[in-house]
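Peer 1: Sequence plus the predicted model coming up.
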Amino acid sequence: MTTQKSTQHPETQALHYRINNAATHPVATPIYQNSAFSADSPYFYTRKSNPNSVELEGALAILEKSEHVISTTTGMSAIMLVLQLLRPGDHLLINQYIYGCSYKLFQRYATHMQLQLTILDLSAKAGREAIPDDVSMVLFETPTNPFLKTIPIRELAEIVARKNPAALLVVDNTWATALFQNPLECGAQVSLASATKYISGHSDVMGGFIALNDERLADELLQNRFYSGAILDPNSAWLLRRSLHTFPLRMREHVRITRGLYEFLLGRDEVARVYFPETSAEQLREYGGILFFEFSKAYQNGYTRFRDALTLFDSGTGMACVSSMVAQPWSGSHASLCDAEKIAMGINTDLVRLCFGLENEEDLIADLKNAFAVLDA
Ligand SMILES: Cc1ncc(COP(=O)(O)O)c(C=O)c1O
């Protein structure tokens, strides 16, 4: 698959991207809910590819500015397929601040596959200077979960290329999204994401994808997906493709609301610190959706009462959808880590994650004000 060269914006191209439906001309591609194709079809078997996954991948490739996209059942299966590029003895480097399940997967996979695993704070210069010479793959999120720290992709790509030109720089682009950050343009070899989050946006479908330019690697990943059966089913691919139509619209609204709520939180006595990532023309052009804050000293241990007082925020590990969510990383996204690992990551029970949906900003502020007031009662 090759991205089209066009003067149109990526979001316009992605919206109009269609597989060949010449026989029926539907305005939206239907669900191809079939596993098998006849011998004269350009498709082979849905475990290999399907019109719905191919159309989704084409649209995502436009947004990621990549030559190839490989869609997967979940974000974790996208990470797993990429890990399968490593061989026993290879050296995997991950960032210290990372989604809890990814962290656990790296630990488990490194043990099972006899990989060397190094964990550094790549948002700090000292961490980047400590990158080992024999590094094979560097995998990180930027902005990070938690704390929304920035890892400079281009600088890291240059350092890693000097250490080992064959090493792969892999960015988990879930939180930034392809609309606001294009890791491949910054020098990464692979950009992957959980499509369960903003691409779906409606908390009703799971998916993941891997974007890259290298044809040989793409071929290997496609083979790994075919043999492991990690492809998206047609119905999920169709839902994600449908959600993608409103993705830029939703993201811009997430940005507007998040900026407003950031200002609101900065002014609250109950809040000691609010985390918002650095944006720049070079890397993360805009940001919206998820913020973290820490309760100030006088309000410590208030999370449960605060959460229970909110009426517009569902609690749980889900996020990045049309309705707002509140979570405590300690007991949610990072629950699979032991207490010592969480403390080493800087996570405590007073760290709160807020993910803003598409409710009216004034209603969200009123709901938060009310929940803060409960802490004073
Ligand atoms: C940054 C990041 N990467 C990957 C994943 C895993 O995605 P999924 O839940 O679709 O497997 C998540 C899930 O929260 C995530 O936040």
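Peer 2: Perfect, thanks for sending it.

Peer 1: Can you pull the domain assignment for this structure?
Peer 2: Using automatic domain parsing, the domain parsing of the chain gives 10-244, 247-376.

Peer 1: Can you lay out the ones you listed as JSON lines showing mean pLDDT?
Peer 2: Output for these, formatted as JSON lines (pLDDT from 0 to 100):
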{"stretch": "domain 10-244", "mean pLDDT": "96"}
{"stretch": "domain 247-376", "mean pLDDT": "95"}
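
Peer 1: Out of those, which is the most enclosed?
Peer 2: When these are scored by mean count of other Cβ atoms under 10 Å, the highest mean neighbour count falls to domain 10-244 (a mean of 19). Glycine gets a C-beta too; all of them are placed from N, C-alpha and C.

Peer 1: any chance you could map the strands in this protein?
Peer 2: 68-72, 91-95, 116-120, 137-141, 168-172, 190-194, 208-212, 271-275, 290-295, 313-315, 324-327, 351-355 (DSSP state E).

Peer 1: Can you check which of those strands gets nearest to residue 57?
Peer 2: Among the strands of the chain, the nearest to residue 57 by Cβ to Cβ is strand 68-72 (4.1 Å).

Peer 1: In the stretch 251-377 of the chain, what residue lies closest to the ligand?
Peer 2: As assessed by Cβ to the nearest ligand atom, the ligand sits closest to residue 333 within the stretch 251-377 of the chain, at 6.4 Å.

Peer 1: Would you check that that residue makes contact with residue 353?
Peer 2: Yes. The criterion here is Cβ atoms under 8 Å, and residue 333 meets it with residue 353 at 7.2 Å.

Peer 1: hey, what's in contact with both of the two?
Peer 2: 146, 327 (Cβ atoms under 8 Å, 6 or more residues apart in numbering).

Peer 1: For beta bridges, what are the partners of residue 292?
Peer 2: residue 275, residue 353 (DSSP bridges).

Peer 1: Going forward, count from 3.
Peer 2: All right, first residue 3 from here; so that's residue 294.

Peer 1: For it, give me its contacts.
Peer 2: Residues in contact with residue 294 (Cβ under 8 Å, 6+ apart) are 148-150, 276-277, 331, 353-356.

Peer 1: Can I get these in TSV including distance to the ligand?
Peer 2: Rendered in TSV, the data for those read as follows (distance: Cβ to the nearest ligand atom, whole Å):
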residue	distance to the ligand
148	10
149	13
150	12
276	20
277	15
331	11
353	15
354	16
355	10
356	15
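
Peer 1: Farthest pair within those?
Peer 2: Applying Cβ to Cβ across these, the maximum distance is between 276 and 331, 14.7 Å.

Peer 1: Can you tell me how far residue 86 is from the ligand?
Peer 2: As judged by Cβ to the nearest ligand atom, to the nearest Å, residue 86 and the ligand stand 16 Å apart.

Peer 1: phi, psi of that residue?
Peer 2: The phi/psi pair for residue 86 (degrees, to the nearest 10) reads phi -70, psi -10.

Peer 1: Understood, closing this out.
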